[in-house]
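A.B. asks: structure here, sequence nowhere to be found:
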């Protein structure tokens, strides 16, 4: 078998708080979802720059 | 076009072309308000789905146990798995964006509905994949999730522990359903166009947004000159004008575009019609 | 906002009559494909994918023979989870989940019949030819009254709680009145440890088989799958529905499905599964029908994240475009 560079085949660490129990990997995915969504909305889109004067 | 009684084929073709002409199916322009990265997550979801299906087809070539014994098989299984993760990742961001844009406005309810159903169907499609892995994970998932299926009554004819049945659903039936729903979703998007922004001002008709009097497009990404079009070219303006249109009240300092003149012999693109009455 | 003005406003969004920009849809799709392909290849090279080998009845009976024999005893007397499950496996009705008067599990009857005593213990043992003592023990058991059978298996299960495992993976219990049960289950243990029971349960009906219901139900009645699942953080209270084995990201989209199981009344209810499925059915329908649900469809207007999305457009408007 070709081995992966990082071996993830160990039991997962988990975030455990009261009844909330989520693997660290899934927490990372959820945080990434929120970050990427925020970036998608806030990041400037190329080409728009400042409002241009109306072209006549 | 045939004369007399129209053939079924002709009728379907004419209707299809009327609803979705080539310029709408493969447009070369898009509304100027689309200047946000949120708009790329639909196509990212779509290409992730293409990768899922492509890698899945390669896994089919050597059968369901290939990836357990072959490095190349395991490689394509990894591509399949990560494509699924990215598919759901991009799809969730796409749906968040579309929700906050209220993208069902303007007659686009079916666009939302087909997208949402595609998401809901993708979940059991993934589940049937997880129980088809033929490893410990599939043993655990099938023996656990069977309780929910049985309690809901569907366990009688949808047996998660029946590998043959689950593989059939995963490889053909559910992907077909997902692809059909995604295709319907995309066709509806092309038909209805991307939802315009909310109107902030209530006293100006939305048709005037960003449109100067000479008809050339402006907007953050517009390029002037002959390459820029005033709008999609797909639907000709009706030959007869509707009744005279009342000119809306113009707040001081704002221009109202004049109705563009139509040169003889040329179609004016859709979208240049003046609305019958301003939106209040 | 009146219904009429709402309808008119919605009509105004039907078609964009403003400015357009040049756009290359096929080039965008091609670039997107390249980006996602590169990302998938990177993740594949960095992390690969998990593939924990499946448990087998053979491995189970070798690594935990006491658990195997205890489970087999409960299958014999019908006190196992499978034995008391109800539809679609048998017609025991005591444990069928319901919402009020609705018992969906019963609507389609016993469509996958499993007789735990016959299918998991007696039939595999009957298939072992050339063992007259074993066949005699089975006949003795089958001929005994139901009360006697129940007394034998109950006593044996109690004794198994203090069983010892020998060096040859067989087990010893203190002497007692167990009838032919120890002889039968001892033979079943050896049959399982040789690997014969995996195949016997799979091909019980026909030569070609793809239905693993019986061996999986048998293993799930014991502790072999649960023990591994706990190590891999796949148990219910570990929000296991969302998890993948190892440290891989799992099925994050199942967060709400598993959430309900963590809170009362679902976490303690005997009808937890059907209640959660019912709630998720309703919420899924609401998700699909958002455009038709007043209030829910108005939130985007009231919380104007859209002003961030379309800020360039609104800025251009204000600039007098």
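C.D. replies: Looks like it arrived, so ask away. Everything numeric here is computed off the predicted structure, so don't read it as measured data. Numbering: from 1, shown residues only, chains lettered A, B, ... in the order given.

A.B. asks: any idea how far residue B:143 lies from chain A?
C.D. replies: Here residue B:143 is placed at a distance of 20 Å from chain A (C-beta to the nearest C-beta, to the nearest Å). Every C-beta, even on glycine, is put in place using the N, C-alpha and C of the backbone.

A.B. asks: same check on residue B:169?
C.D. replies: Applying C-beta to the nearest C-beta, the value for residue B:169 to chain A is 25 Å.

A.B. asks: nearest spatial neighbour of that residue, skipping sequence neighbours?
C.D. replies: residue B:128 (4.6 Å; C-beta to C-beta, 6 or more residues apart in numbering or on different chains).

A.B. asks: is it true that the one you found lies in a strand?
C.D. replies: No: applying DSSP: H, G, I helix; E, B strand; the rest coil, one finds residue B:128 to be helix, outside a strand.

A.B. asks: and the average pLDDT for the longest helix along chain C is what?
C.D. replies: If you go by DSSP state H, chain C has its longest helix at helix C:25-47. Summarised as a single mean, pLDDT over helix C:25-47 is 97.

A.B. asks: give me the distance from that helix to the chain's centre.
C.D. replies: Relative to its chain's centre, helix C:25-47 lies at 33 Å (C-alpha atoms, centre = their mean, to the nearest Å).

A.B. asks: any buried residues in it, and which?
C.D. replies: Using 16 or more other C-beta atoms under 10 Å in any protein chain shown as the test for burial, helix C:25-47 gives C:32-33, C:36-37, C:39-40, C:43-44, C:47.

A.B. asks: residues near the residue nearest to residue B:169, how many?
C.D. replies: Per other C-beta atoms under 10 Å in any protein chain shown, the neighbour tally for residue B:128 reads 21.

A.B. asks: roughly how far does it sit from residue B:171?
C.D. replies: According to C-beta to C-beta, to the nearest Å, residue B:128 stands 9 Å off from residue B:171.

A.B. asks: likewise residue B:186?
C.D. replies: From residue B:186 to residue B:171 the distance is 23 Å (C-beta to C-beta).

A.B. asks: hmm, the longest helix of chain C touching chain B?
C.D. replies: Yes: Helix C:25-47 lies within reach of chain B by C-beta under 8 Å from any C-beta of the partner chain, at C:25-26, C:28-29, C:32-33, C:35-37, C:39-41, C:43-44, C:47.

A.B. asks: helices or strands up against that helix?
C.D. replies: Contact here means 3 or more C-beta pairs under 8 Å, 6 or more residues apart in numbering or on different chains; DSSP states H and E; on that basis helix C:25-47 packs against helix B:41-61, helix B:71-100.

A.B. asks: SS state for the residue nearest to residue B:102 when sequence neighbours are not counted?
C.D. replies: Nearest non-adjacent residue to residue B:102, counting by C-beta to C-beta, 6+ apart: residue C:300, 4.1 Å away. Under three-state DSSP, the three-state class of residue C:300 is helix.

A.B. asks: was I right to think residue C:300 contacts residue B:100?
C.D. replies: Yes: between residue C:300 and residue B:100 there is a contact under C-beta atoms under 8 Å: 5.0 Å.

A.B. asks: and the strands in chain B?
C.D. replies: If DSSP state E is used as the criterion, the strands of chain B fall at B:29-31.

A.B. asks: centre-most residue in it?
C.D. replies: Nearest to the geometric centre of chain B sits residue B:186, at 3.2 Å (C-alpha atoms, centre = their mean).

A.B. asks: do the same with chain A
C.D. replies: For chain A, the residue nearest the mean C-alpha position is residue A:32 (1.9 Å; C-alpha atoms, centre = their mean).

A.B. asks: list the contacts of residue C:112.
C.D. replies: Residues near residue C:112 by C-beta atoms under 8 Å, 6 or more residues apart in numbering or on different chains: B:156, B:159, C:88-89, C:213.

A.B. asks: now residue C:211
C.D. replies: Taking C-beta under 8 Å, 6+ apart, we find residue C:211 in contact with B:159, B:161-165, C:202.

A.B. asks: got it, and residue C:204?
C.D. replies: For residue C:204, the contact set (C-beta under 8 Å, 6+ apart) comprises C:119, C:123, C:214.

A.B. asks: give the contact list for the last one.
C.D. replies: By C-beta under 8 Å, 6+ apart, the contact set of residue C:214 is C:114, C:119-120, C:201-202, C:204.

A.B. asks: three-state assignment of it?
C.D. replies: Taken by three-state DSSP, the conformation at residue C:214 corresponds to helix.

A.B. asks: for the one 4 residues further on, same thing?
C.D. replies: Secondary structure, three-state DSSP: residue C:218 is helix.

A.B. asks: low-scoring stretches of the chain, by residue?
C.D. replies: With no chain named, the answer covers chain A. A:1-2, A:47-56 (pLDDT under 70).

A.B. asks: my bad, the chain I had in mind was chain C
C.D. replies: Along chain C, the parts satisfying pLDDT under 70 run over C:1, C:321.
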